[in-house]
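# this one's sequence-less:
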């Protein structure tokens, strides 16, 4: 065989191998490339959908916050003393007490020594407890009348 023919045949075999490689693996490479493109498009569409959901949730949260502020203002308006007094008068027939209706209770001076004197005087724990309750009652009466 001629050397040129031999070299030509070697080159021809290489070309055929390259063609066989492309023919064999080109469909697989195209499927992989197509999968990558489709996957990227899918991921982008999912991320866009999620971002739309996030924006919707933020808008809903803002609407809920505004509604909450409105309700807080409504509650503040409903709990004013004037409104409560008006509703009590209209619905229940209640009236505000006059000066003659108010009873003023005397408040014992704590500096004079309330419950400690009973124990020191030897009157026992029952007297000390009674004195403590009296002092507590006087404090509550003072707190109620000072409002």
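Great, that's in hand. The model shown is predicted, which means the values in this text are computed figures rather than measured ones.
# Could I get the average pLDDT for the longest helix belonging to the chain?
Counting by DSSP state H, the longest helix found in the chain is helix 3-78. For helix 3-78, mean pLDDT is 89.
# now swap in stretch 130-138 and tell me
Averaging pLDDT along stretch 130-138 yields 84.
# can you count the residues close to residue 142?
Per other CB atoms under 10 Å, the neighbour tally for residue 142 reads 14. For every residue, glycine as well, the C-beta is placed using N, CA and C.
# Residue 105 versus that one, what's the distance?
8 Å (CB to CB, to the nearest Å).
# circling back to that earlier point, helix or strand right after the longest helix of the chain?
Per DSSP states H and E, the first helix or strand lying C-terminal to helix 3-78 is helix 81-92.
# Please tell me how far that next one is from the chain's geometric centre.
Here the centre of helix 81-92 is set off from its chain's centre by 35 Å, with CA atoms, centre = their mean, to the nearest Å.
# hmm, who's touching that helix?
The contact list for helix 81-92, computed with CB atoms under 8 Å, 6 or more residues apart in numbering, reads 77, 94, 95, 96.
# so how many other residues sit close to the first one?
So the one you mean is residue 77. The tally of other residues near residue 77 (other CB under 10 Å) stands at 9.
# And for it, nearest residue in space, chain neighbours not counted?
Once flanking residues are discounted, residue 77 sits nearest to residue 83: 7.1 Å by CB to CB, 6 or more residues apart in numbering.
# Thanks again, I'm all set now.
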